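In: Predicted model and sequence below, questions to follow.
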Amino acid sequence: PLRKATRYQVRISRNLRGLRGERPDGELLYFTTVPLTVEDVSQAKIEADRSSVIAIRFSGPVDPRELARHLELRGPDNSPVPFTLVGSKPDATVRIRIPRADSEQVQVLISGELTGTDGPLPLGNRSLHIVTVSTRLRFLGMRAKYRRSRPCVEIRANSPIAPSAAKPFVKIDPPVVHTFEADGQGLRILGKFKPGQRYAVTLKAGLPAHAAGTLDKELTRAVWFPDRPKSLRFAFGSGYLSPRGLLKVPIRSVNVKSAKIAVRRLYTSNLVEYALRSDGDTPWSLATGLGDREIRIEDRRNEDVETLVDLRAPAGADPRGVFGLMVRRPGDYWTRDSAVIVVTDLGLSARLAERRALVWVTSIASARPAAGVEVTVYSDRRQKIGAALSDSSGIADVKLRQAPAGEKPALVVAARNGELTYMTLARNSRSRG
């Protein structure tokens, strides 16, 4: 994906023509991705010594030390207010601590030259934010939202509220079984809230919030839950399928009526690079396309819908090997998921010794030894360091060549008559101790 807060240049070929032979007006085009913005500035915590933490929330991560260079705090009379940073790691929310304030308002001024860590373009305009600072618990707001697809009610306050003590002080109508979760700026209520339903949430006087004391008086707010956010994913992620099974991959979705699925085949020559690279991405740049197809999904509003996709449609009547799958909602970049599926009857177990690897290959369907399987061991530098055929007992005794210092066995690949499977040693290792 493109970096945020970045200006890009696009060079257009002089040979480009429109449908009617039109030439482009110029060779260069420019565009800018979403800039850094300040989303919220508010009191986030009251400490035992009556100092306060102010949270500054941006649209992307900001280095706290960079922010300190572009930040100024003043009182109502424009006198400087000292501050210290809380934490040093870049984050979308940066926290600063100020001593006990002499007044209830602090001016927070952020220079327009501030940049985030996502891209080089600055805020652009100087921003001024008036923050109300209190030494007592103050209610700031309440909203219904979905957090990682789970419905919750988010209560914002000027200090964290103790989840363990909240139950007697919170009432929900209509009633919902719920739990509480800590939040840096208040409290989160998790429960089986229904989409399209309105709830009245009451916070009773006495609700405790650590050093901020308790809520002075009872208050009630209404929140309404919208439809569940659209989602699309492989139900069980990556994994293995038996060639003798149904060869159907389950996809789970919410509020999605159709999707496109793309299938790619990964061959032995590129399997080593994919299996050993550290980014964990699907092997699109290394695999061969087998075609895309659209799938229709049952329209059941706000329900989890499971759709079975037959792998034989794009991959052939008898698919074997390693396949990369991607499913996405048409026209929507973010609603998508990917997985790697290995269709094989070969199961692998390996034991390593000095310059030797014993690999046991069995049939997953029958649990019997698999003979005549070509077993190859690769190092973490993508080098072939040994190979052997499995015998009638399913054992491949692989002699490993002497590797340079620091290079070690990392991957086992097994192949026979179109079958292909692999095992990464680092992810599957078990100690004999």
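Out: That came through, no problem.
In: For G196, what are phi and psi?
Out: Comment: the main-chain dihedrals of G196 come out as phi 80, psi 0, following degrees, to the nearest 10.
In: Need the nearest residue in space to it, chain neighbours excluded.
Out: Spatial nearest neighbour of G196, chain neighbours left out: F225 (6.7 Å); criterion: CB to CB, 6 or more residues apart in numbering. Every C-beta, even on glycine, is put in place using the N, C-alpha and C of the backbone.
In: go on, P226?
Out: Closest residue to P226 in three dimensions, ignoring its sequence neighbours and counting by CB to CB, 6+ apart: P195, at 6.6 Å.
In: Now for the one you found, how many residues are close by?
Out: Residues lying near P195 (other CB atoms under 10 Å) number 18.
In: Now do the phi/psi pair for it.
Out: Dihedral pair for P195: phi -60, psi 140, per degrees, to the nearest 10.
In: residues in contact with it?
Out: For P195, the contact set (CB atoms under 8 Å, 6 or more residues apart in numbering) comprises P151, F225, P226, D227, R228, N302.
In: that older thread, confidence score at the residue nearest to G196?
Out: The per-residue pLDDT reported for F225 equals 97.
In: Then the one 10 residues further on?
Out: Predicted confidence (pLDDT) for A235: 94.
In: what helix or strand does the residue lying closest to it once chain neighbours are set aside sit in?
Out: By the measure of CB to CB, 6+ apart, the closest residue to A235 outside its immediate chain neighbours is P250, 4.0 Å from it. Secondary structure here is read from DSSP states H and E; on that basis P250 sits in strand 248-254.
In: now for that strand, which elements pack on it?
Out: Packing contacts for strand 248-254, counted by 3 or more CB pairs under 8 Å, 6 or more residues apart in numbering; DSSP states H and E, involve strand 231-234, strand 258-266, strand 304-310, strand 336-343.
In: which residues touch it?
Out: 149, 228-236, 241, 259, 261, 295, 297, 302-311, 325, 327, 337, 339, 341.
In: In PyMOL, select just the buried ones from the residues you listed.
Out: What follows is the PyMOL syntax selecting those of the contacts of strand 248-254 that are buried according to 16 or more other CB atoms under 10 Å:
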select buried, resi 228+231+232+233+234+241+259+261+295+297+305+307+309+311+325+327+337+339+341
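In: Tell me which residues touch A388, please.
Out: Counting by CB under 8 Å, 6+ apart, A388 touches V359, V375, A396, D397, V398, K399.
In: Quick check: which element contains it?
Out: Secondary structure from DSSP H and E places A388 in strand 384-389.
In: Note down every partner strand of that strand and its orientation.
Out: Listed by DSSP bridges, the sheet partners of strand 384-389 and their directions read strand 374-379 (antiparallel).
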